[in-house]
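**Student:** the amino acid sequence is not available; the structure is as follows:
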């Protein structure tokens, strides 16, 4: 009996799944520490796999970057799905987005440069804006946040966040920029 699923739609073997996850984790760590130009061979070595395994999973650096970006999007979606309608939901989601920029600054710049203003990039940015607005509603309803915030404001917020944090040359510098950015934004949004 032949398998009717196309090869690309078949589930990965468990070792292939582990290798793929190890590559994504290693790349995220090395990109954060040393920038987006870290050699692919070093990513493979850090993941404990051969270069062939790396190239089979991620033929280009941008495909690897996109996988890390998608993993970050998945983390944001998962946090938003776990939120229970508390006034602190916005701050938790906002802090996660800040931490992703601190950790993945070079990666964020590379993905944005590659995808530009493509529909998929704009859709992802819109999705995050909608998640932030949904997370903000409990604080708005409780009178803790400005009632005039919109999804469009959160679109602009993401652009400002990228511009403020990603130029930092080190994770420590980006963390300090994120701390200042957070204070300024929350001072402007929160009423209490």
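**Tutor:** Ah, there it is. None of the values given here were measured: they were computed from a predicted structure.
**Student:** rest of the way, CA atoms for contacts and neighbours
**Tutor:** Fine.
**Student:** helix or strand next in line after the lowest-mean-pLDDT helix or strand in the chain, which one?
**Tutor:** When the helices and strands of the chain are scored by mean pLDDT, DSSP states H and E, helix 105-115 comes last with a mean of 67. Using DSSP states H and E, the helix or strand that directly follows helix 105-115 along the chain is helix 119-141.
**Student:** how far is that next one from where the chain is centred?
**Tutor:** With CA atoms, centre = their mean, to the nearest Å as the basis, helix 119-141 stands 14 Å off its chain's centre.
**Student:** list the buried residues for that helix?
**Tutor:** Residues of helix 119-141 classed as buried: 125-140 (neighbour count, 16 or more other CA atoms under 10 Å).
**Student:** can I see the domain layout of the chain?
**Tutor:** Structurally, the chain divides into domains by automatic domain parsing as follows: 12-59, 61-189.
**Student:** state the mean pLDDT of stretch 78-93.
**Tutor:** The pLDDT scores in stretch 78-93 average 97.
**Student:** identify all contacting residues around it.
**Tutor:** Contacts to stretch 78-93, defined as CA atoms under 8 Å, 6 or more residues apart in numbering, come from residues 76, 131-140, 142, 144.
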